[in-house]
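Colleague: Sequence first, predicted coordinates after that:
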Amino acid sequence: GNIPVNGPEYLYSRRIGRAPQGWAQDRGEGSFVDQPSNTTILGATKLSGRTGNGWSIGFLDAVTAREYATSDVAGARFRDQVEPLTNYGVLRGKRDFGSGATTLGFTATSVNRRIDDARLDFLRTAAYAGGLDFHHRFPGSRFMGFATLGYSYIGGDTLAIQAAQRSSARYFQRPDADYVSYDPARTSLAGWNAAAGVSEEAGATKFALGFQATSPGFEINDLGYMSRADRMSAIGKVVRLWTRPGRVFRMAQLQAMTSTGWNFGGDRTS
């Protein structure tokens with residue numbers, strides 16, 4: 001649609017059954033390694049339906065197995081754990097008000113890993129995220145607005161949180177960032193996301209205005225998808241449509257857009 005920004009992608013289904021994130025121990029030349037290409041889904045449950053008071057509810061829970069890479073070195077065989085036993089959970093709810101003119105929704109996700117091998121301490125033991133989303137179509141007009149608010153928390157060994165701080169999504173260790181600090185002893189990280197926008201969805205002339213902010217500590221990649229944190233962005237767009245076919249063109253579109261972005265230190269990034 002014409003709304004330029006929306007809430008985070010809390011569920012990226014390819015995370016469940018993903019390729020193992022660990023690797024076999026290096027045992028030198030002459031070794032042969034059989035690395036599994038994906039994790040085994042031991043079981044999963046999916047439920048959906050409606051409650052008596054009008055809520056639409058969806059629930060997903062899945063458990064994936066420990067995975068091992070096997071090595072063969074001069075006839076001797078070794079097994080290295082490359083993915084821990086993991087549970088994934090998702091809960092989504094939505095309710096319509098005013099004959100569908102207003103929608104209120106919520107999302108909650110969880111990832112819990114049973115890490116019992118120190119070589120996998122770079123993985124987070126727990127990752128939780130959730131958010132609220134609100135959409136409203138103004139009565140008697142073509143205008144539509146939305147707002148979202150989200151929160152995330154990750155926890156684990158210091159190795160896991162060090163990697164999250166140094167991730168390309170945030171780069172806490174960069175020397176010019178005086179508004180964040182890299183702490184190698186940290187065992188958790190939390191953050192938030194917020195967005196709001198308004199648009200005109202019908203007619204020959206349409207427009208959209210939006211704003212989004214993602215705090216430096218926001219992280220949902222254990223079960224969702226995001227590429228960047230530590231950013232604020234604003235966008236405005238106007239579109240003029242001609243849909244009646246003419247002698248030369250069947251349709252035409254003229255669009256003007258402006259956008260800008262900053263990090264939480266106030267530096268212009270786009």
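Modeller: Thanks, I have it.

Colleague: drop to CA atoms for contacts and neighbour counts, all remaining ones
Modeller: OK.

Colleague: which non-adjacent residue is nearest residue 106?
Modeller: residue 132 (4.4 Å; CA to CA, 6 or more residues apart in numbering).

Colleague: So that neighbour versus residue 104, what's the distance?
Modeller: Distance, residue 132 to residue 104, by CA to CA, to the nearest Å: 8 Å.

Colleague: circling back: spit out the contact partners of the residue nearest to residue 106.
Modeller: In this structure, residue 132 makes contact with 104-107, 148-150, judged by CA atoms under 8 Å, 6 or more residues apart in numbering.

Colleague: Secondary structure element for it, which one?
Modeller: Element membership for residue 132 (DSSP states H and E) is strand 124-137.

Colleague: strands paired with that strand, and their directions?
Modeller: strand 102-114 (antiparallel), strand 143-156 (antiparallel) (DSSP bridges).

Colleague: For the residue nearest to residue 106, give its distance to residue 190.
Modeller: From residue 132 to residue 190 the distance is 17 Å (CA to CA).

Colleague: just residue 247 next, same as before
Modeller: 58 Å.

Colleague: Over to residue 129?
Modeller: 9 Å.

Colleague: To what extent is the spatially closest residue to residue 23 that is not a sequence neighbour buried, counted in neighbours?
Modeller: Excluding the flanking residues, the one nearest residue 23 by CA to CA, 6+ apart is residue 82, at 5.4 Å. When neighbours are defined as other CA atoms under 10 Å, residue 82 has 23 of them.

Colleague: show me what contacts residue 82?
Modeller: 20-24, 66-69, 120.

Colleague: Do a quick rundown of the helices in the protein.
Modeller: Along the chain, the stretches classed as helices by DSSP state H are 158-166.

Colleague: quick one: low-confidence ranges for it?
Modeller: 1-6, 30 (pLDDT under 70).

Colleague: how about the strands of it, start to end?
Modeller: Assigned by DSSP state E, the strands in the chain fall at 31-34, 41-50, 55-64, 67-73, 76-83, 85-97, 102-114, 124-137, 143-156, 188-200, 205-214, 231-242, 252-262.

Colleague: in its sheet, what does the shortest one sit against?
Modeller: Taking DSSP bridges as the criterion, strand 31-34 forms sheet pairs with strand 67-73 (antiparallel).

Colleague: Report the inter-axis angle for the strand it pairs with versus strand 85-97.
Modeller: Counting by axes from the mean of the first three to the mean of the last three CA atoms, to 10 degrees, strand 67-73 lies at 150 degrees to strand 85-97.

Colleague: Return the distance of strand 67-73 from the chain's centre.
Modeller: Relative to the centre of its chain, strand 67-73 is centred 32 Å away, using CA atoms, centre = their mean, to the nearest Å.

Colleague: what angle do the strand holding residue 132 and helix 158-166 make?
Modeller: 40 degrees.

Colleague: Using CSV, write out every CA atom in strand 124-137.
Modeller: This file holds the C-alpha atoms of strand 124-137, laid out as CSV (Å, rounded to 0.1, in the frame of the first residue of the first chain):
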residue,chain,number,x,y,z
ARG,A,124,21.4,-16.6,22.5
THR,A,125,19.8,-18.8,25.1
ALA,A,126,16.6,-16.7,25.1
ALA,A,127,15.0,-14.2,22.7
TYR,A,128,11.6,-12.6,23.3
ALA,A,129,9.8,-10.0,21.3
GLY,A,130,6.4,-8.5,21.0
GLY,A,131,4.4,-5.6,19.8
LEU,A,132,1.1,-3.8,19.4
ASP,A,133,-0.3,-2.6,16.1
PHE,A,134,-3.3,-0.2,15.4
HIS,A,135,-4.9,0.6,12.1
HIS,A,136,-7.8,3.0,11.5
ARG,A,137,-9.8,4.1,8.5
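
Colleague: Who has more neighbours out of residue 247 and residue 190?
Modeller: With neighbours defined as other CA under 10 Å, residue 247 and residue 190 compare such that residue 190 has more, 17 against 5.

Colleague: What sits closest to the more buried one if chain neighbours are left out?
Modeller: residue 153 (4.4 Å).

Colleague: For that neighbour, which residues are in contact?
Modeller: Going by CA under 8 Å, 6+ apart, residue 153 touches 127-129, 188-191, 218-219.
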